[in-house]
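>>> predicted model and sequence below, questions to follow.
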Amino acid sequence: MLRDLRDAMEKEELQLFYQPQLDLQTGKIIGAEALLRWWKKDASKEGGAFISPGEFIPIAEQSGLIVPIGEWVMRKACTTAKKWHDLYGMDIRIAINVSAHQFSQSDICSFTQKTIGEIGINPHKVELEVTESVFMDDIQHTIESLQNLHAIGVELAIDDFGTGYSSLSYLRQFPIDRLKIDQSFIRNALNDPDDASIARTIIALGRALNLFVIAEGVETKEHERFLVAEGCDEVQGFRYCRPIPADDFMEFVTNYDGDIKSFDKQD
């Protein structure tokens, strides 16, 4: 797998898909999360198959290959967002996942600042999503890195919030803009009182700390109703759109009428 992954980088088999993020109150598309995909070519009739990120991301992290892959993702995502802005006037946030290994094995701040400067994208339209695992190693280094990133102008979000190492004493030290509720809590919120309580608590916590809260894994109108009732700010999920290639994302934006209720017919 590691050998094939190295080959995939050289052969440009890695690609980015994008999933829209919407303001739950206005229905406006306010962001897009860049998601890594690997189309592994083979001799089959289809010409290849997608390899699950759950299979290759851990191997990339263990080998250190996640650092060059992560740098490629950031350059590609920022370039695409800048193109959307320049050609179509689409002024939305681009959300990019950053591995804990990128914090520990690279100068994430310098690379981010250099990339933003070279591409010419507004840093306030770039959001880096980090998981709570970045807090596990060197907490002071993490705080310093997050503060330096925020000073550049990028936004910061804690991804999969509630599934890892959550310390409120540290959370208030982080220059975080957004909490992202893990999709497992949202999917089960309608059937599991505990998951509903966790989602409700994260939303209340975000409100108390003046943070935006975005929920992923929103699949049905009932999920959306629950989040509206609890005061969640933003959403993404299959109810609105699956992760799709850049050109398809532009088509989605072009065809979207701005009314979040227009997705009701999909349920």
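That came through, no problem.
>>> any idea how many residues pack against residue 68?
If you count neighbours by other CB atoms under 10 Å, residue 68 ends up with 13. For every residue, glycine as well, the C-beta is placed using N, CA and C.
>>> that one against residue 9, yeah?
Yes: counting by CB atoms under 8 Å, residue 9 is a contact partner of residue 68 at 7.1 Å.
>>> for the stretch 51-200 of the chain, which spans come out with low pLDDT?
Residue ranges of the stretch 51-200 of the chain with pLDDT under 70: 136-137, 164-167.
>>> so where do the helices sit in it?
With DSSP state H, counting those that start in this stretch as the criterion, the stretch 51-200 of the chain has helices at 53-63, 66-88, 100-105, 108-119, 139-152, 168-171, 183-188, 193-208.
>>> out of those helices, nearest to residue 217?
The closest of the helices of the stretch 51-200 of the chain to residue 217 is helix 183-188. By CB to CB, the value is 2.5 Å.
>>> so which residues make contact with that closest one?
Around helix 183-188, the neighbours that count as contacts under CB atoms under 8 Å, 6 or more residues apart in numbering are 162-163, 195-196, 198-199, 202, 215-219, 223, 227, 237.
>>> who wins on neighbours among those?
Counting neighbours by other CB under 10 Å, residue 215 leads those with 29 neighbours.
>>> the residue lying closest to it once chain neighbours are set aside: neighbour count?
Leaving aside its sequence neighbours, residue 215 sits nearest to residue 181 (CB to CB, 6 or more residues apart in numbering; 4.6 Å). Neighbours of residue 181 under the rule other CB under 10 Å: 30.
>>> my guess is residue 181 contacts residue 211, does it?
No: with contacts counted by CB under 8 Å, residue 181 stays clear of residue 211, the gap being 11.7 Å.
>>> so residue 213 is in which element?
Per DSSP states H and E: residue 213 is located in strand 212-215.
>>> may I have the strands that pair with that strand, each with its orientation?
Sheet pairing here is set by DSSP bridges, and for strand 212-215 it gives strand 178-181 (parallel), strand 234-235 (parallel).
>>> how about the contacts made by residue 171?
By CB under 8 Å, 6+ apart, residue 171 lies in contact with 158, 209.
>>> ok, it to residue 142 distance?
The gap separating residue 171 from residue 142 is 12 Å, by CB to CB, to the nearest Å.
>>> what does residue 241 give?
Distance from residue 241 to residue 142, by CB to CB: 32 Å.
>>> ok, residue 87 next?
According to CB to CB, residue 87 stands 37 Å off from residue 142.
>>> who's more crowded, the two?
When neighbours are counted by other CB under 10 Å, residue 87 and residue 142 differ, and residue 142 comes out ahead with 20 against 9.
>>> which strands and helices sit next to the biggest strand by length in the chain?
Secondary structure assigned by DSSP state E gives strand 29-41 as the longest strand of the chain. If you count contacts as 3 or more CB pairs under 8 Å, 6 or more residues apart in numbering; DSSP states H and E, strand 29-41 packs onto helix 2-10, strand 14-23, strand 48-51, helix 53-63, helix 66-88, strand 93-98.
>>> buried sites along the shortest one?
Within strand 48-51, the residues scored as buried using 16 or more other CB atoms under 10 Å are residue 51.
>>> given that strand, what are its sheet partners and their directions?
Sheet partners assigned to strand 48-51 using DSSP bridges are listed as strand 29-41 (antiparallel).
>>> I'd like the average pLDDT over the partner strand.
The average pLDDT for strand 29-41 rounds to 95.
>>> equivalent analysis for stretch 204-221, please.
The predicted model assigns stretch 204-221 a mean pLDDT of 95.
>>> what does that stretch contact?
For stretch 204-221, contacts defined as CB under 8 Å, 6+ apart pick out 21, 157, 171-172, 176-187, 199, 202-203, 223-224, 227, 231-240, 263-264, 267.
>>> sweet, I'm off.
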